[in-house]
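Trainee: Just to be clear, the model below is a prediction. Sequence and coordinates:
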Amino acid sequence: MDISVVASTSLGHQATKEELDKLGGLGAGVCYLPDTMEKLFAEADEKTQRRVALTKGSGHHSPYDHGSFTLQLRDIPKIIAMILNNEKMYTTNEKSARYTKMVLSEEEQALYNKWIEIYRQEITTQCQHTCPARFTDKKIEKLAQENARYLTSVFTPTTMLYTISYRQFNNIYAMLEKEIGLLSKNNDAFSARLRSELQAFLTEYQKLPYYDPQLAGNKKNRTLSFFRREKQPILKHFGEVYSLAYKGSFAQLAQAQRHRTLSYSVELLPEAEFYVPPIIRSNPALVEEWLADCKKVEANFPQGMIININEIGSINDFILKVQERNCADAQLEIDQQTTAIKKEMYAALVAQESPLAENIEPYLKGSRCMSGEYQCSSPCGYKDGITGERII
């Protein structure tokens with residue numbers, strides 16, 4: 001057995017389209033490898049280029065996934081980051097609205113600052129005495145910031161690193177073009193704004209040197225996976241694979257997308273609804289004030305706006321999600337949603353007398369650290385977080 005490196009990313013190096021074409025052409029040659037890889041890689045360039053032309057023309061494009069590059073995407077709307085993060089395959093790192101402050105409009109900034117102070121006071125009053133070691137002033141500030149960001153728009157500019165293959169770059173190009181056309185058929189304000197932002201993004205995207213009309217031909221008529229356009233609702237099913245739909249915020253969806261083995265799509269609601277953080281739910285006056293402020297920025301489509309989220313995957317991949325999201329350090333909304341799904345899944349599997357219920361049962365005790373299946377490297381000591389009963 002022998003393992004060796006034949007290509008790698010070099011920080012600061014910008015691969016040329018010709019280099020990526022050559023790697024794809026050599027990759028295609030492996031399918032018909034008559035001798036050794038070394039001999040293939042030493043073949044005449046003309047032979048490789050003939051194979052490039054043949055494979056691109058025939059639609060055999062998978063070899064062009066071997067070459068990849070990392071893009072820095074600056075000041076792109078959060079919603080475009082979410083759309084990109086919904087496609088496979090990719091690697092992404094994005095500036096976090098949970099942990100950092102974003103550039104906001106004047107109105108959003110005023111509301112954001114107002115609610116950071118309110119959440120800071122509520123968390124301090126309700127939680128700091130329960131676990132002082134956890135709820136330090138710094139931690140409370142971060143949690144206040146995390147909840148106030150529900151008021152910020154999904155069109156807020158963000159920055160991310162995005163690594164994709166040469167082939168996927170062109171797939172994305174083709175799907176963005178198609179999405180812009182599909183959005184033009186809609187009359188709602190969200191579609192109009194998104195269409196404008198996607199067109200601006202595609203204009204910048206086109207300036208990169210990796211567009212190839214054959215790879216971007218979209219013969220399979222692919223569309224972006226973010227929006228569910230089927231007329232019928234998704235079928236709820238629990239088994240080796242599962243599918244279901246539920247309501248959640250844009251912010252929760254952005255967290256869920258981190259689980260790249262699961263598939264997500266969304267549908268907008270006909271009337272606006274907004275997520276209310278549990279820390280203020282026991283105070284009717286604060287709930288009323290929060291919803292009123294959410295309505296003030298409704299036209300900006302805040303991250304706390306509720307959407308229909310469709311989730312599809314395997315039960316084993318869902319358990320991986322449980323092991324990430326049922327934790328006191330996870331975003332509370334997705335923690336609670338994951339708990340609701342695992343309980344519903346378990347009940348359905350028990351009703352079916354399915355042995356798969358045994359896979360879920362260890363995780364019914366609370367957070368992941370209670371399951372006996374997960375070893376926590378940094379125990380939080382936060383009782384309500386461990387039992388899954390926290391409100392922040």
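Mentor: Good, I have the coordinates.
Trainee: Verify the contact between Ile83 and Leu224 for me.
Mentor: Yes. Using C-beta atoms under 8 Å as the test, Ile83 is close enough to Leu224 to be in contact (6.0 Å). Bear in mind the C-beta positions are built from the backbone N, C-alpha and C, glycine included.
Trainee: And those two? Which one has more around it.
Mentor: For the pair Ile83 and Leu224, the greater number of neighbours falls to Ile83 (25 against 18), based on other C-beta atoms under 10 Å.
Trainee: Ignoring the adjacent residues along the chain, who's closest to the more buried one?
Mentor: Leaving out its chain neighbours, the residue that sits closest to Ile83 by C-beta to C-beta, 6 or more residues apart in numbering is Phe226, at 4.7 Å.
Trainee: just Arg258 next, same as before
Mentor: In space, and not counting its chain neighbours, Arg258 is closest to Glu324: 7.5 Å by C-beta to C-beta, 6+ apart.
Trainee: quick one: the one you found and Thr261, what's the gap?
Mentor: Applying C-beta to C-beta, to the nearest Å, the value for Glu324 to Thr261 is 11 Å.
Trainee: Please apply the same query to Lys220.
Mentor: In this view, Lys220 and Thr261 are 22 Å apart by C-beta to C-beta.
Trainee: do the same with Gln145
Mentor: 30 Å.
Trainee: Comparing the two, which residue is more hemmed in?
Mentor: Of the pair Gln145 and Thr261, Gln145 is the one with more neighbours under other C-beta under 10 Å, namely 20 against 12.
Trainee: Quick check: pLDDT value at that one.
Mentor: Predicted confidence (pLDDT) at Gln145: the value is 95.
Trainee: That one contacts Glu117, correct?
Mentor: No. If you go by C-beta under 8 Å, Gln145 and Glu117 don't touch, sitting 11.0 Å apart.
Trainee: sorry, back to before: now do the shared contacts for Ile83 and Leu224.
Mentor: Residues touching both Ile83 and Leu224 (C-beta atoms under 8 Å, 6 or more residues apart in numbering) are Glu179.
Trainee: Residues touching the strand or helix carrying the residue nearest to Arg258, excluding its own?
Mentor: Assessed by DSSP states H and E, Glu324 sits inside helix 315-325. For helix 315-325, the external contacting residues (C-beta under 8 Å, 6+ apart) are 238-242, 255-256, 258-259, 261-262, 313, 330-331, 334-335, 338, 341-342, 345, 356, 359-360, 363, 368, 371, 373-374.
Trainee: same check, this time on stretch 21-31
Mentor: Residues outside stretch 21-31 that contact it (C-beta under 8 Å, 6+ apart) are 7, 37, 40-41, 43, 45, 48-49, 51-52, 55, 60, 63-64, 66-67, 166-167.
Trainee: Could you pull up phi and psi at Tyr246?
Mentor: phi -150, psi 160 (degrees, to the nearest 10).
Trainee: Now do the contacts for the residue nearest to Ile83.
Mentor: Phe226 is in contact with Met82, Ile83, Asn86, Tyr264, Ser265, Val266, counting by C-beta under 8 Å, 6+ apart.
Trainee: Give me the buried subset of the residues you listed.
Mentor: Met82, Ile83, Asn86, Tyr264, Ser265, Val266 (16 or more other C-beta atoms under 10 Å).
Trainee: can you put the residues you listed in CSV and add pLDDT?
Mentor: Converted to CSV, these look like this (pLDDT from 0 to 100):
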residue, pLDDT
Met82, 96
Ile83, 96
Asn86, 95
Tyr264, 97
Ser265, 97
Val266, 97
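Trainee: Quickly find the element holding the closest residue to Thr91 other than its chain neighbours.
Mentor: Distance criterion C-beta to C-beta, 6+ apart; nearest residue to Thr91, sequence neighbours excluded, is Thr163 at 4.2 Å. Per DSSP H and E, Thr163 falls inside strand 157-165.
Trainee: Give the next helix or strand downstream of that strand.
Mentor: Once the chain leaves strand 157-165, the next helix or strand it forms, by DSSP H and E, is helix 166-183.
Trainee: What residues sit buried inside the helix or strand following that following helix?
Mentor: Per DSSP H and E, the first helix or strand lying C-terminal to helix 166-183 is helix 189-205. For helix 189-205, the neighbour count (16+ other C-beta under 10 Å) marks Phe190, Ser191, Arg193, Leu194, Arg195, Glu197, Leu198, Phe201, Tyr205 as buried.
Trainee: ok and helix 189-205 relative to helix 166-183, angle-wise?
Mentor: Counting by axes from the mean of the first three to the mean of the last three C-alpha atoms, to 10 degrees, helix 189-205 lies at 140 degrees to helix 166-183.
Trainee: quick one: the helices in the stretch 1-150 of the chain?
Mentor: Taking DSSP state H, counting those that start in this stretch as the criterion, the stretch 1-150 of the chain carries its helices at 17-30, 37-41, 45-58, 78-85, 106-127, 137-148.
Trainee: now the third one, how far from the chain's geometric center?
Mentor: Per C-alpha atoms, centre = their mean, to the nearest Å, the displacement of helix 45-58 from the mean C-alpha position of its chain is 35 Å.
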